[in-house]
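> Only the shape, not the letters, is given here:
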């Protein structure tokens, strides 16, 4: 059995369990339809033709994942940057139709859907053109460079009836799904605050050939505001999605501050950001990101009055730590020359101060590939000509949350999320 | 077996003992798991309906033993209901469908003959979850006997315990069963030497109609199951019997407690039941 089969099986196990719970499916409607899995052999008979627009590092990564999806046939590729185009043609051994102009690609009749993995500023117009050309769209996060771009993409999806799915793979990650289920069950009590961060220690640059300095902005588009909002759209949007999803609400306002205080190399996007989001319930999302220290890495600390979940490391920490297992009590006895009762069974919880409490794992660790799952799921949605309910809203609000955070930093003021961006979703 | 295995051997510091015990437990897992494609049980579940399937002596002996317990427990202990567990977990089961599936599965539909197993219907699937820990403890116990290791405490997920010898500060071990109704209470203390203690309790009821009652690995014959908290704890010299009896007494009707208990020699049983008003009734069988 290959690892992707295992991935599918593990995911279907988790999703089937979740899909049986009314409480969960009412807030994660995409789970119910996604859980109605099919075997790989069944998928092979239901292949959809997918084209990839933008075959840089992420686009190629998606391409490689899709090559393992039984229900996907890669039908065309496209990139308007010659080195990427050449590399993709070489990778596909020239066997797949290649384009430099996505508009030409959209004219190819047998393409059911496109995957967009171009630089951020190109997402909106390509996605809109694709949907108007009758293609379903999978677009990498973030949705668009501007809130208006995000809104127009959603409206086009609604108008054309074409699927628009945004690449937030955490919604397909069994560890996150397990965390969500625990939260809905009330295991960590009432949520009040999420502290999320993404810390790296590198310049975030891709190498530009010395003989082509004019390629700087094409290759390092993430560092320039014309094309990207840097940390907010490329990293934070993953975590704003998690916060909105787990809170089951969207922020009303955001304040923030950002600066370039380490990488003085001509970049325009911040290398150090800190923001506070307010939610209608009074919940807060406290977010920061930097590229000059990686000690704390990447995490979302989801805090309730009874406990904390950290899905990236896959752990749950209860405010009242679990009772020391009988064996630990027994060791304590041995060490202190005591002879007492060894407790077993039951499900009670009391503080245990003698043992350092390191939390509990959310689920057994196993290797799975949530990007693969996401792509396979997208193809199934395309085959059925029906979007997974609720997914687009998640993608939209993840981007809107990140983009208005950027605006708060740019304008150095508290930004209320405008009413015109509070869209209605099907 | 999806649980934590811990053991304590006072004064014993040999790493090779630890690795041997670990090996024994892992082998049991590999032999008995219905989820491991390498296990005989997995292969049985996937092919024993089509034609009789030959199994190793070890697996045949264990399955035969389980079959005898099916009779001794008046059908309350049944290893042939895995398909029912799966159906209950992955669907929105209708009670009549579950009852029909129970009729078509279970030990009554398994044929044993000369190391060959045959399932009489396609709905029979074996799950040894209710006896696997006991079997692993038995194998570890045999290893400890062969190696003259006398004083040991072993915990399998804190629901199955094996003790040998005595606590360093006493002439026995004291195993306390945590109360299911009072957070910090102990409902009973078993005094043990070379014994096993197994405890089961109901923690999850999935069928709102109350016509199907199960807690993950126990399907109850009692329609009242789940309307009150119930905990069964068994002390026995045999880790397998401790597991079997605690499971059977959880699953059976209360009128059968004594009839089943009489078929297990040398066991001590505590059954605690707490109703919705918080009143606890305790039955001690000895």
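Here it is on my side, so go on. Worth saying up front: this structure is predicted, and the values here are computed from it rather than measured.
> Nearest to chain A: which residue in the stretch 101-250 of chain B?
residue B:178 (2.7 Å; Cβ to the nearest Cβ). For glycine as for every other residue, the C-beta is placed from the backbone atoms N, C-alpha and C.
> Which strand residues bridge that residue?
residue B:186 (DSSP bridges).
> Residue A:343 is in contact with that one, correct?
Yes: assessed by Cβ atoms under 8 Å, residue B:178 is found in contact with residue A:343 at 5.1 Å.
> quick one: common contacting residues for the two?
Common contacts of residue B:178 and residue A:343 (Cβ atoms under 8 Å, 6 or more residues apart in numbering or on different chains): residue B:186.
> Chain A contacts on the stretch 101-250 of chain B?
B:153, B:155, B:158-159, B:161, B:167-170, B:173-180, B:183-184, B:186, B:189, B:197, B:199, B:201, B:203, B:231, B:233 (Cβ under 8 Å from any Cβ of the partner chain).
> Now do residue A:161: how many residues are near it, please.
For residue A:161, the count of nearby residues is 12 (other Cβ atoms under 10 Å in any protein chain shown).
> Residue A:244: what's it in contact with?
A:250, A:251, A:394, A:397, A:398, A:401.
> Can you say which helix or strand has it in it?
Here residue A:244 sits within helix A:237-247, counting by DSSP states H and E.
> how big is the angle separating the helix or strand following that helix from helix A:237-247?
Using DSSP H and E, the helix or strand that follows helix A:237-247 in sequence is strand A:253-259. Here strand A:253-259 runs at an angle of 150 degrees relative to helix A:237-247 (axes from the mean of the first three to the mean of the last three Cα atoms, to 10 degrees).
> Name the residues of strand A:253-259 that come out as buried.
A:254, A:255, A:256, A:258 (16 or more other Cβ atoms under 10 Å in any protein chain shown).
> where along chain B do the helices fall?
B:15-32, B:40-47, B:57-72, B:82-90, B:95-104, B:132-146, B:239-251, B:257-261 (DSSP state H).
> can you put those in CSV and add mean pLDDT?
What follows is the helices of chain B, written out as CSV (pLDDT from 0 to 100):
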stretch, mean pLDDT
helix B:15-32, 88
helix B:40-47, 90
helix B:57-72, 94
helix B:82-90, 78
helix B:95-104, 84
helix B:132-146, 94
helix B:239-251, 94
helix B:257-261, 95
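> Kindly list the main-chain dihedrals of residue A:329?
Per-residue torsions, residue A:329: phi -60, psi -40 (degrees, to the nearest 10).
> and it, what does it touch?
A:340, A:342, A:343.
> what's the span of stretch B:265-281 from first residue to last?
Terminal residues of stretch B:265-281 lie 24 Å apart, using Cα to Cα, to the nearest Å.
> Report the distance from it to the chain centre.
Put simply, stretch B:265-281 sits 18 Å off its chain's centre (Cα atoms, centre = their mean, to the nearest Å).
> hey, which helix is longest across chain A?
Under DSSP H, chain A gives helix A:391-411 as its longest helix.
> Would you point out which residue of the stretch 151-300 of chain A is nearest chain B?
Closest to chain B within the stretch 151-300 of chain A is residue A:185: 11.9 Å, counting by Cβ to the nearest Cβ.
> I'd like to know how far that residue sits from residue A:316.
Shown here: residue A:185 relative to residue A:316, a distance of 12 Å by Cβ to Cβ, to the nearest Å.
> Name the residue in the two with the higher neighbour count.
residue A:316 (20 against 11).
> Test my guess that that one contacts residue A:189.
No: the criterion here is Cβ under 8 Å, and residue A:316 misses it with residue A:189 at 11.9 Å.
> Under a three-state scheme, what state does residue A:75 occupy?
Under DSSP: H, G, I helix; E, B strand; the rest coil, residue A:75 falls in the strand class.
> what pairs with the closest residue to it other than its chain neighbours across the strands?
The shortest distance from residue A:75 to any non-neighbouring residue, by Cβ to Cβ, 6 or more residues apart in numbering or on different chains, is to residue A:49 (4.0 Å). Judged by DSSP bridges, the bridge partners of residue A:49 are residue A:73.
> got the phi/psi numbers for residue B:179?
Dihedral angles (degrees, to the nearest 10) for residue B:179: phi -70, psi 140.
> That one and residue B:199, how far apart?
Applying Cβ to Cβ to residue B:179 and residue B:199 gives a distance of 11 Å.
> Now for those two: what residues contact both?
By Cβ under 8 Å, 6+ apart, residue B:179 and residue B:199 have these common neighbours: residue B:231.
> Comparing the two, which residue is more hemmed in?
Shown here are residue B:179 and residue B:199; by other Cβ under 10 Å, residue B:199 has more neighbours (28 against 22).
> any idea how far the more buried one lies from residue B:247?
Taken as Cβ to Cβ, the span from residue B:199 to residue B:247 is 11 Å.
> got it, and residue A:337?
Per Cβ to Cβ, residue A:337 is found 37 Å from residue B:247.
> Can you mark which positions in the helix or strand containing residue A:316 are buried?
Per DSSP H and E: residue A:316 is located in strand A:315-318. Buried positions in strand A:315-318, judged by neighbour count with 16+ other Cβ under 10 Å: A:315, A:316, A:317, A:318.
> thought the first one was touching residue A:359?
Yes: counting by Cβ under 8 Å, residue A:315 touches residue A:359, with 4.2 Å between them.
> sorry, back to before: can you add mean neighbour count and distance to residue A:200 and give the helices of chain B back as JSON lines?
Shown next, in JSON lines, are the helices of chain B (neighbours: other Cβ atoms under 10 Å in any protein chain shown; distance: least, Cβ to Cβ, whole Å):
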{"stretch": "helix B:15-32", "mean neighbour count": "15", "distance to residue A:200": "39"}
{"stretch": "helix B:40-47", "mean neighbour count": "18", "distance to residue A:200": "44"}
{"stretch": "helix B:57-72", "mean neighbour count": "17", "distance to residue A:200": "53"}
{"stretch": "helix B:82-90", "mean neighbour count": "18", "distance to residue A:200": "41"}
{"stretch": "helix B:95-104", "mean neighbour count": "15", "distance to residue A:200": "53"}
{"stretch": "helix B:132-146", "mean neighbour count": "21", "distance to residue A:200": "45"}
{"stretch": "helix B:239-251", "mean neighbour count": "28", "distance to residue A:200": "51"}
{"stretch": "helix B:257-261", "mean neighbour count": "17", "distance to residue A:200": "63"}
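> Lovely, talk soon.
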